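Q: what's the 3D shape of this:
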Amino acid sequence: MKGKRKDVYLVCGGNYHDFDFARLELLKLLAEHDVIRVKVANDYRDIDGMCSSDLLVTYTCDEVPDKEGQVALQNFVEEGGKWFGLHATNSVFTWVSHDPPLLRAPRDEVTFMETLGSQFLAHPPVESYKVEISDPDHDLVAGIAPFDTVDELYLSEYHGKHHCLLHTHFNGHVDAFEDGDWTNDDAHPVFYLKSLGQGEVLYLTLGHCRSTFDMQPLIEEYPEIERCSWELPQYYELLRRGIKWGIS
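A: Down below sits the predicted model:
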């Protein structure tokens, strides 16, 4: 692709995930566009740099800006910015207990979650589920058939209107999370667009990954290497389309 330079800021860091793996994979995808120049951070401290970019891409967990930074990100989108949020970006939680495991997702980061359009509350254990196409005519998913993945199935609450592109189904109880009762729900967005002012947020919940040392200090060595949707060509296609959306 040739044309005007596009500045992308990639934020990739936090807890309980293999951010080294995700960061490298995302950088390789961004490098497919010769108009893109990338800055990289582990957290949101350089909020001014992020808000001066053309596209913000985030793959984080337990990372949010301070209150001032959250307002800045909201203004960034409202004024025409694009934000491609991945997997656990909307996830902030605390441990209520470790044995048995019980987690709580506090509703403290209101501006951040309202800008993203969702807040993670729970997920069942990593397992197989079907991803279905909500709007097959939309460019971001056109031509992609329903597919099965093995991943964390995100159960979230939503803020404002969103345009669902992919969804899945879950109805049941999740014991490891305080917000564990999902018996009155069924369809859950996997990929959505949210308009905010002059800008947009694109959010994709797929893409959990974890390696040997990513659960320290809770677990010294995690017994499995988890790559989940990163093993699927469909996931890479969604990432490529999201990046193209972000620089268009």
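Q: Contact partners for the residue nearest to the spatial centre of the chain?
A: With the centre of the chain defined as its mean C-alpha position, the nearest residue by C-alpha atoms, centre = their mean is residue 86, 2.1 Å away. Remark: with contacts taken as C-beta atoms under 8 Å, 6 or more residues apart in numbering, residue 86 is in contact with 22, 26, 57-59, 203-204, 207, 239. For the C-beta atoms, the positions are set from N, CA and C on the backbone; glycine is no exception.
Q: ok, now with 7 Å
A: Applying C-beta atoms under 7 Å, 6 or more residues apart in numbering to residue 86 gives the contacts 58-59, 204, 207.
Q: Same question for residue 69.
A: Residues touching residue 69, when contacts are defined by C-beta under 7 Å, 6+ apart, comprise 44, 47.
Q: Kindly report the same for the one 10 residues further on.
A: Residue 79 sits next to 197-199 when contact means C-beta under 7 Å, 6+ apart.
Q: List buried residues within those residues.
A: When neighbours are counted using 16 or more other C-beta atoms under 10 Å, the contacts of residue 79 contain these buried positions: residue 199.
Q: which stretches of the chain have low pLDDT?
A: Applying pLDDT under 70 to the chain flags residues 1-3.
Q: for it, which helix is longest?
A: Among the elements of type helix in the chain, defined by DSSP state H, the one spanning the most residues is helix 233-247.
Q: Next, format the contacts of residue 86 as JSON lines and append secondary structure, distance to residue 6 and neighbour count.
A: Putting the contacts of residue 86 into JSON lines (DSSP: H, G, I helix; E, B strand; the rest coil; distance: C-beta to C-beta, whole Å; neighbours: other C-beta atoms under 10 Å) gives the following:
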{"residue": "58", "secondary structure": "strand", "distance to residue 6": "17", "neighbour count": "26"}
{"residue": "59", "secondary structure": "strand", "distance to residue 6": "19", "neighbour count": "25"}
{"residue": "204", "secondary structure": "strand", "distance to residue 6": "19", "neighbour count": "25"}
{"residue": "207", "secondary structure": "coil", "distance to residue 6": "22", "neighbour count": "24"}
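Q: just the residues you listed now: which is nearest residue 164?
A: Top of the list for closeness to residue 164, among the contacts of residue 86 and by C-beta to C-beta, is residue 204 at 11.9 Å.
Q: tell me the contacts of the closest one?
A: Per C-beta under 7 Å, 6+ apart, neighbours of residue 204: 86, 191, 238, 242.
Q: so who does residue 226 touch?
A: Shown here is residue 226, whose contacts under the criterion C-beta under 7 Å, 6+ apart are 126, 208-210.
Q: hmm, 8 Å instead?
A: In this structure, residue 226 makes contact with 18, 126, 208-211, judged by C-beta under 8 Å, 6+ apart.
Q: Could you measure from it over to residue 177?
A: When C-beta to C-beta, to the nearest Å is the yardstick, residue 226 and residue 177 sit 18 Å from each other.
Q: same question, residue 8
A: Relative to residue 177, residue 8 is positioned 33 Å away (C-beta to C-beta).
Q: Check residue 228 too.
A: In this view, residue 228 and residue 177 are 19 Å apart by C-beta to C-beta.
Q: Tell me which of those two has more neighbours.
A: residue 177 (22 against 18; other C-beta atoms under 10 Å).
Q: For that one, name its beta-bridge partners.
A: When bridges are taken as DSSP bridges, the partners of residue 177 come out as residue 103.
Q: Bridge partners for residue 39, pull those for me.
A: Under DSSP bridges, the residues paired with residue 39 across the bridge are residue 9.
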